[in-house]
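1. Model the structure of this input:
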Amino acid sequence: MISGSQIRAGRALLGISAEDLGELAGVSWPTIQRFESAEAIPTSRSGTLERVKAALESAGIEFIGDPVTSPGVHLHR
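-> Purely as a prediction, here's the structure:
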């Protein structure tokens, strides 16, 4: 799983908007905003968070650390 801060950081590294990420992941931008506002791992259903994670990973984001205690991201170009 990934945390809201990792989603924010990954999107920032890619220089894309919440709307752009929503389009890449096939989810609405309000869902992205809700995920990003979560303190830790956002609650989701039907694999929505997994789609967001997969979209960021396919764009070059690597999720590192524990999503709750030491969340991090790394960009691979």
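2. Show me the strands in the chain, by range?
-> Listed in chain order, the strands of the chain (DSSP state E) span 61-64, 72-75.
3. Can you say which of those is nearest to residue 11?
-> Closest to residue 11 of the strands of the chain, according to Cβ to Cβ: strand 61-64, at 8.5 Å. (Each C-beta comes from the backbone N, C-alpha and C, glycine too.)
4. Would you mind checking the average pLDDT for that closest one?
-> Averaged across strand 61-64, the pLDDT comes to 98.
5. The chain should start at 49 in everything you say after this.
-> Done: numbering now begins at 49, and the last item shifts to strand 109-112.
6. elements contacting that strand?
-> helix 52-62, helix 96-106, strand 120-123 (3 or more Cβ pairs under 8 Å, 6 or more residues apart in numbering; DSSP states H and E).
7. Deepest-packed of these, please.
-> Among the helices and strands packed on strand 109-112, ranked by average contacts under mean count of other Cβ atoms under 10 Å, first place goes to helix 52-62 (a mean of 20).
8. What angle do helix 96-106 and it make with each other?
-> Orientation of helix 52-62 against helix 96-106 (axes from the mean of the first three to the mean of the last three Cα atoms, to 10 degrees) gives an angle of 30 degrees.
9. How far does helix 52-62 sit from its chain's centre?
-> The chain centre lies 6 Å from the centre of helix 52-62; the measure is Cα atoms, centre = their mean, to the nearest Å.
10. As TSV, the helices and strands packed on strand 109-112 with mean pLDDT and distance to residue 83 would be great.
-> Shown next, in TSV, are the helices and strands packed on strand 109-112 (pLDDT from 0 to 100; distance: least, Cβ to Cβ, whole Å):
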stretch	mean pLDDT	distance to residue 83
helix 52-62	98	5
helix 96-106	98	6
strand 120-123	97	14
